[in-house]
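Enquirer: Okay, structure incoming, though there's no sequence with it:
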Ligand SMILES: [Zn+2]
Ligand SMILES: [Zn+2]
């Protein structure tokens, strides 16, 4: 399943710019905005929260007072060869981002001219 196209050669996190840059094995470069990554966190908790947010938005009487999640990364580690786990400054660390999904959601104009699609985790 892992081929050169979804295999990183180098990953750097620019905290000041709020960007995680992945240089892929084929030389392609993807700049992922950390805020976007947090918004697309693939863990079960965040997926459930997003589902509830959609329901809440549909109900004008429901209060949405959840604080905005942290968009600062304090740590990143490889999970095998296929994914990266990000630890956010609020302690959230259950999100494991598969490289294949990241590559599919590359925000560059060449890969996704209409903007990055939401991260797809099967
Ligand atoms: Zn999460
Ligand atoms: Zn791209």
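Expert: Received it, and whenever you're ready, just let me know what you need. This structure is a prediction, so every number in the text was calculated from the model and none was measured. Ligands and ions are numbered 1, 2, ... in the order given.

Enquirer: what packs against the lowest-mean-pLDDT helix or strand in the chain?
Expert: Counting by mean pLDDT, DSSP states H and E, the weakest-scoring helix or strand in the chain turns out to be helix 44-58, with a mean of 89. The contact analysis (3 or more C-beta pairs under 8 Å, 6 or more residues apart in numbering; DSSP states H and E) places helix 44-58 against no helix or strand. C-beta coordinates here come from the backbone N, C-alpha and C atoms, glycine included.

Enquirer: Give me the distance from that helix to the chain's centre.
Expert: Distance, stretch centre to chain centre, for helix 44-58: 17 Å (C-alpha atoms, centre = their mean, to the nearest Å).

Enquirer: how about it: buried residues?
Expert: residue 46 (16 or more other C-beta atoms under 10 Å).

Enquirer: ok, then the element right after that helix?
Expert: Going down the chain from helix 44-58, the next helix or strand is strand 73-79, by DSSP states H and E.

Enquirer: quick check, that next one touching ligand 1?
Expert: No. Applying C-beta under 5 Å from the ion, one finds strand 73-79 separated from ligand 1 by no less than 12.6 Å.

Enquirer: Quick check: buried residues in that strand?
Expert: Using 16+ other C-beta under 10 Å as the test for burial, strand 73-79 gives residue 73.
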